[in-house]
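*Asks:* 3D model of this:
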Amino acid sequence: MDRRDEAAIEAVKAYYQQDLSQAEVAARMGISRPTVAKLLAHGRARGFVTVEIHDPREEASELALRLQERFALACVRVAHGCVADEAEAISQVGRVGAELVARLVRDDMSVGISWGRTMSAVASHLARSPRQGVRVVQLKGGTSFSDRATHDFEIMRAFCDAFGAEPSYLPLPVIFEDTATASIVRADRGIERILREGRGVDIAVFTVGAVKKESLSLNLGQLEAGEVDALLRDAVGDACSRFYTRAGTVALAAIDERTVGIRLEELRSRPVRVLVAGGRTKTAALETALHMGLATHLVVDHDLALALLDRQGEAPPSRAGNDALDG
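*Replies:* The predicted structure is shown next:
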């Protein structure tokens, strides 16, 4: 620790603990006000002080209540505040989602997780909260055949580190080249054990993806060009790499049969299902997923919450669509 560190500690204590103004801190320390500002910034950068903002709207708000009632959810958290772009929205819901997950995970629970940008954001905001006997299960394969990374291992590791948990990795592609290969892989004793663990998790934490040309799920090198075109035409979103239509049915059966991971009907059977999503581009995908009953707990950003409520005039998927997933 050098002189600047010591001066920064003195400055942050006076500013944050004693509620002195920067001018008062400057007068006390015999330095200029700009120097105080620099010392405060240095103190934050060095970790001598951390600032936490507790927004009560993220615990309970009118928006959250309306969404909770609209989609018959057990809990809704809305990340409030203006966002510049989708990346910022995802970061915000990642923070709020991590806080909710930490509250839900208890000793001896199994936690199933998916991957993607949103799940990376959740993982990056998880604080260390050790539990006893927790197991984290990868709900779908994550190996990519392209330069687009899924970060599945990093997300698994972050969840395990946060809860002191044991991992169950699924080190496979999520979609195989043909149905026969996928069937052989699923029949492997070790793989079947992990898939069985996934089907039985106490809590599932996942996101939904919008179906766009640039979507990660369409750019892992596992789909033919014609299949991508078919999904862009027929699918509205995906959850755990299971593509679904606006009606809530499987979008393309040939792809679904080659997918290794939890099925939508299996996901829907889990007692606690935390769906985290950010960005208005996910509105249609998220609305359909909620009408399908995929979530019990929801975390969204303010703009996405408003977009969901603005779509009240659109017809939801029929129950028949949901039944089709169970077939």
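
*Asks:* from here on, contacts and neighbour counts on C-alpha atoms
*Replies:* Fine.

*Asks:* check contacts around residue 4.
*Replies:* residue 39 (C-alpha atoms under 8 Å, 6 or more residues apart in numbering).

*Asks:* any idea of the pLDDT on it?
*Replies:* In this model, residue 4 is scored at 92, pLDDT.

*Asks:* Doesn't it belong to a helix?
*Replies:* Yes: Residue 4: assigned to a helix according to DSSP: H, G, I helix; E, B strand; the rest coil.

*Asks:* Mind checking what secondary structure residue 273 has?
*Replies:* strand.

*Asks:* And the one 3 residues further on, by the same measure?
*Replies:* Here residue 276 takes the strand state, with states given by three-state DSSP.

*Asks:* My read is that it contacts residue 299, right?
*Replies:* Yes: between residue 276 and residue 299 there is a contact under C-alpha atoms under 8 Å: 4.7 Å.

*Asks:* what's downstream of the helix or strand residue 204 falls within, the next helix or strand?
*Replies:* Taking DSSP states H and E as the definition, residue 204 sits inside strand 203-206. Next helix or strand after strand 203-206 toward the C-terminus (DSSP H and E): strand 208-210.

*Asks:* That following strand packs against which elements?
*Replies:* Applying 3 or more C-alpha pairs under 8 Å, 6 or more residues apart in numbering; DSSP states H and E, we find strand 208-210 packed against strand 237-239, strand 272-277, helix 283-291.

*Asks:* Quick one: residues in contact with that strand.
*Replies:* Contact with strand 208-210 is made by 215, 217, 236-240, 275-277, 281-282, 284-286, 289, as judged by C-alpha under 8 Å, 6+ apart.

*Asks:* Give me the residue at the spatial middle of the protein.
*Replies:* Geometric centre of the chain, nearest residue: residue 119, 3.5 Å, by C-alpha atoms, centre = their mean.

*Asks:* quick one: contacts for it?
*Replies:* 94, 155, 206-207, 276.

*Asks:* which among those gets closest to residue 138?
*Replies:* Nearest to residue 138 out of the contacts of residue 119 is residue 155 (C-alpha to C-alpha; 9.5 Å).

*Asks:* just how off-centre is the strand holding residue 204 within its chain?
*Replies:* Offset of strand 203-206 from its chain centre (C-alpha atoms, centre = their mean, to the nearest Å): 9 Å.

*Asks:* That strand: partners in the sheet, and parallel or antiparallel?
*Replies:* Using DSSP bridges, strand 203-206 pairs in its sheet with strand 110-113 (parallel), strand 272-277 (parallel).

*Asks:* still on that earlier bit, out of the helices and strands packed on strand 208-210, which comes closest to residue 72?
*Replies:* helix 283-291 (8.9 Å).

*Asks:* after the closest one comes which helix or strand?
*Replies:* strand 297-301.

*Asks:* got the angle for that following strand vs helix 283-291?
*Replies:* Orientation check (axes from the mean of the first three to the mean of the last three C-alpha atoms, to 10 degrees): strand 297-301 against helix 283-291 gives 160 degrees.

*Asks:* Which elements pack onto strand 297-301?
*Replies:* Using 3+ C-alpha pairs under 8 Å, 6+ apart, strand 297-301 sits against strand 75-79, helix 86-104, strand 272-277.

*Asks:* which ones are touching residue 145?
*Replies:* 220-222.

*Asks:* what about it, distance to residue 74?
*Replies:* 38 Å (C-alpha to C-alpha, to the nearest Å).

*Asks:* what does residue 129 give?
*Replies:* 23 Å.

*Asks:* Tell me where the model's unsure across this protein.
*Replies:* For the chain, the stretches with pLDDT under 70 are 51-60, 82-84, 144, 146, 312-327.

*Asks:* ok, how many other residues are close to the residue nearest to residue 212 when sequence neighbours are not counted?
*Replies:* Spatially, and ignoring its direct neighbours in sequence, residue 212 is nearest to residue 232 (6.5 Å; C-alpha to C-alpha, 6 or more residues apart in numbering). When neighbours are counted by other C-alpha atoms under 10 Å, residue 232 registers 17.
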